[in-house]
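Chemist: Sharing a model prediction with you, sequence too.
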Amino acid sequence: MRYWLMKSEPETFGIDDLYARPQQTEHWDGVRNYQARNMMRDEMKIGDQILFYHSNCDEPGIVGIAEVVRESYPDFTAFDPDDKHFDPKSNPDKPTWFMVDVKFVRKLSRTISLRELKTKSELSELALLRRGNRLSIMPVSVEQWAFILALE
DNA sequence: GCCAACGTTGGC
DNA sequence: GCCAACGTTGGC
């Protein structure tokens, strides 16, 4: 089993929105970055655990845990001209973009903020903290996973 | 709102 | 293939 961190803007889709979905499950659409796509398409497996990260908000940080419940399939929002994430280069016969389904596991008892994560030398290799990192999906090692959740 | 750090696009 | 222009992300 592997571990991941996935970013989402709480104003668009936060941890409470995931909780409120039917089956507490939602497809992770809208990823339009090849590196992030490759991780969803090739590496994320059912049962993988996810740190749910809130970005672009008052207190950016990790707010909950989710898990992969469906492995990669075409991101159909790319086919819809009316969708914000429409991409004319992608079509159902040869999709460019893929997504997985994720299910709510739990909220953390508190937000583990980016500010706090930055103070931990144990996390110096965490992709989230590397200079200039803007990936919306990134791998987390088992050691990093355990360290972060021990902060809760 | 600002801006650094990218990734993408497209002219050449 | 190079690289300038542009768009996006996301912290602050």
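Modeler: Yes, it's here.
Chemist: CA only for contacts and neighbour counts going forward, please
Modeler: Will do.
Chemist: Quick check: which element contains the residue in chain A positioned nearest to DNA strand B?
Modeler: Here chain A gets closest to DNA strand B at one residue, residue A:132, 3.3 Å apart by C-alpha to the nearest atom of the strand. In the assignment (DSSP states H and E), residue A:132 maps to no helix and no strand.
Chemist: got a pLDDT number for it?
Modeler: If you check residue A:132, the pLDDT there is 75.
Chemist: Check which element follows the helix or strand where residue A:16 lies along the chain.
Modeler: Secondary structure assignment for residue A:16, by DSSP H and E: helix A:15-20. For helix A:15-20, the succeeding helix or strand toward the C-terminus, using DSSP H and E, is strand A:25-27.
Chemist: Show me what counts as buried in the helix ranked longest in chain A.
Modeler: In chain A, ranked by residue count with DSSP state H as the criterion, the top helix is helix A:142-150. Using 16 or more other C-alpha atoms under 10 Å as the test for burial, helix A:142-150 gives A:144, A:145, A:148.
Chemist: Residue A:100 versus the first one, what's the distance?
Modeler: As defined by C-alpha to C-alpha, to the nearest Å, residue A:144 lies at a distance of 23 Å from residue A:100.
Chemist: ok, residues contacting the strand or helix carrying residue A:11?
Modeler: Using DSSP H and E, residue A:11 sits in helix A:10-13. With contact meaning C-alpha atoms under 8 Å, 6 or more residues apart in numbering, helix A:10-13 is reached by A:54, A:55, A:56, A:57.
Chemist: run the last query once more with 10 Å
Modeler: A:7, A:16, A:17, A:28, A:53, A:54, A:55, A:56, A:57, A:58, A:60 (C-alpha atoms under 10 Å, 6 or more residues apart in numbering).
Chemist: check whether that helix contacts DNA strand C.
Modeler: No: using C-alpha under 7 Å from any atom of the strand, helix A:10-13 stays clear of DNA strand C, coming no nearer than 10.3 Å.
Chemist: Pull out the buried residues from that helix.
Modeler: Buried residues in helix A:10-13 (16+ other C-alpha under 10 Å): residue A:10.
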